[in-house]
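Engineer: Quick one: sequence plus predicted model below, questions after.
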Amino acid sequence: MLQIQAIRDRKDEISSALKKRGIAAEEMLNQVLQLDEKRRATQTQLDATLAESNKLSKEIGMLFKSGKGQEANVLKEKTVKLKEDTKRLGDALQMATSELQGLLYQIPNVPHEKVPAGNSEDDNEEVFQEGTIPTLNEDALPHWELAKKYDIIDFELGVKITGAGFPVYKGKGARLQRALIAYFLDKNTAAGYTEMQVPHLVNEASGLATGQLPDKEGQMYHVTADDVYLIPTAEVPVTNLLRDDILNENEFPICYTAYTPCFRREAGSYGAHVRGLNRLHQFDKVEIVRVEHPKNSYQALDGMVDHIKVILRELKLPYRILRLCGGDLGFTSALTYDFEVFSTAQDRWLEISSVSNFETYQANRLKLRFKDERGKSQLAHTLNGSSLALPRVLAGILENYQTPDGIKIPEVLVPYCGFDTIT
RNA sequence: GGAGAAAUGGCAGAGUGGUCGAAUGCGGCAGUCUUGAAAACUGUUGAGGGUCACACCUCCGGGGGUUCGAAUCCCUCUUUCUCCGCCA
């Protein structure tokens, strides 16, 4: 959620930056300012009314104490009208506040100056590419064929026990997945991220604070009996660990990593692009989350990107980095880099990580602040990234490492797997 | 799931209708003393709205109510603790 003060100070700047998302926000922002003014005017009136009745109440108290009950009763009558005003103004204030809030919820984050304009993924900007794309045999298979051939992932079994998009990993497939999780966590903790294990269900307040609610209910599984949501990403519980906190400046940076399953309804997805591991309702992911001083957050973002580069380099997977354009940028993000692994057998790039700086957008909803050197509360910056998402990394490994003799295991994973080939 | 008790500032903990945004202690910060530190002493120390700055307003788990006036009384929800039940 954008800060009202920011809109008051830099409306035109914000409005033109939002154009990169293809959003004409001018009118909405004007409406925000109007509502804000109304809200403040109402607040001022209410405060004055309350001040007066506070004063009267004190006088009444003193009169009663000194036995002047009659005078007190005269004053009491005066409070009747004040009470009515208080009620009316209080209702008006509440209405203005929630209207304002509702409007602010609809305005996405302001794109960073580096964000290219554009409407679709075609306008994303490739900023880096590394690794060699292997030359495979003519009979090279996509990962869903490999999964069947070597009996390491069973999609039909998942359908039987749950439904489409809930695969069952078997034998060496399960072990490889566990190896990847352990390897990612080890890399992240070695880089200074504290490993956390968090709940996989969150309440409504958490969903609101990181921006999954109120608009994206459809993406999350909702357990209505207990009114909790299955997490779509570890970002939600991990970032919410710091909800309502006021940090000291010297606590920065806060760096967490967590492995969790992620649950996404993915309503409306279909077709070849969702085959196999490409898009699932349940998948595993290791996430990194940072909370930073505003002046350091972009340096931190670069650091996260570099960190993920190292991992992909070690896995020897060909990958590229995209800077997302305004149209492809997530609602809450100011700047996002996507990592994509090239899947040779499918002949396409697969997104495996998304690294974002949310600046104060999430922090504003989270009420995640810090005390600056003057002792004033300021919003912190939040960032997160996948490090990494499992299924497509797995798909990339299976496809790129396939040989006539079986699937080779990347060297760094062999100690975690306990075998070097899947046959 | 059943019965009972509780929820107050960073922490501990007083406060059961008015002058309480809240005693006191600890912790934090600043100062005095000291070569320096400790101890001692003095001062200061919650969040949000509002204002150029004050004033002023709101917040004692959340929501609602009674009252001229609520941390304090009532209703409700949530959470924690104790006992019972169930159980990895």
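Structural biologist: In hand now; what should we look at?

Engineer: separation between A:Ile397 and RNA strand B?
Structural biologist: For A:Ile397, the distance to RNA strand B (Cβ to the nearest atom of the strand, to the nearest Å) stands at 33 Å. Any C-beta I mention is one placed from the backbone N, CA and C, and that applies to glycine too.

Engineer: ditto for A:Glu249
Structural biologist: 12 Å.

Engineer: Wondering if stretch A:380-387 reaches RNA strand B at all.
Structural biologist: No: using Cβ under 7 Å from any atom of the strand, stretch A:380-387 stays clear of RNA strand B, with a minimum separation of 11.9 Å.

Engineer: Ramachandran angles for the nearest residue to A:Thr421 once chain neighbours are set aside?
Structural biologist: Of all residues beyond its chain neighbours, the one nearest A:Thr421 is A:Gly406 (4.5 Å), with distances taken as Cβ to Cβ, 6 or more residues apart in numbering. Main-chain dihedrals, A:Gly406, degrees, to the nearest 10: phi 120, psi -180.

Engineer: does A:Gly406 really touch A:Ile422, like I thought?
Structural biologist: Yes: in this structure, A:Gly406 is within contact of A:Ile422 by Cβ atoms under 8 Å, at 5.5 Å.

Engineer: Report the set of residues contacting both of those two.
Structural biologist: A:Tyr150 (Cβ atoms under 8 Å, 6 or more residues apart in numbering).

Engineer: would you list every one of the helices in the stretch 101-250 of chain A?
Structural biologist: With DSSP state H, counting those that start in this stretch as the criterion, the stretch 101-250 of chain A has helices at A:143-149, A:155-161, A:171-190, A:204-210, A:235-240.

Engineer: Which elements pack onto the shortest one?
Structural biologist: Which is helix A:235-240. Packing partners of helix A:235-240 (3 or more Cβ pairs under 8 Å, 6 or more residues apart in numbering; DSSP states H and E): strand A:201-202, helix A:204-210, strand A:254-263, strand A:282-292, helix A:361-366, strand A:381-389.

Engineer: Okay, strands next: where are they in the stretch 251-400 of chain A?
Structural biologist: Secondary structure of the stretch 251-400 of chain A by DSSP state E, counting those that start in this stretch: the strands cover A:254-263, A:282-292, A:319-323, A:335-343, A:348-359, A:369-371, A:377-379, A:381-389.

Engineer: ok, and what's touching the longest one?
Structural biologist: Residues lying outside strand A:348-359 but in contact with it, judged by Cβ under 8 Å, 6+ apart, are A:109-110, A:112, A:278, A:294, A:297-298, A:300-301, A:304-305, A:308, A:319-320, A:330, A:332-343, A:381-389, A:392-393, A:395-396.

Engineer: which among these end up buried?
Structural biologist: The neighbour count (16 or more other Cβ atoms under 10 Å) marks A:109-110, A:112, A:278, A:294, A:297-298, A:300-301, A:304-305, A:308, A:319-320, A:332-343, A:381-389, A:392-393, A:395-396 as buried among the contacts of strand A:348-359.

Engineer: before we move on, the earlier item: who has more neighbours out of A:Gly406 and A:Ile422?
Structural biologist: A:Ile422 (23 against 16; other Cβ atoms under 10 Å).
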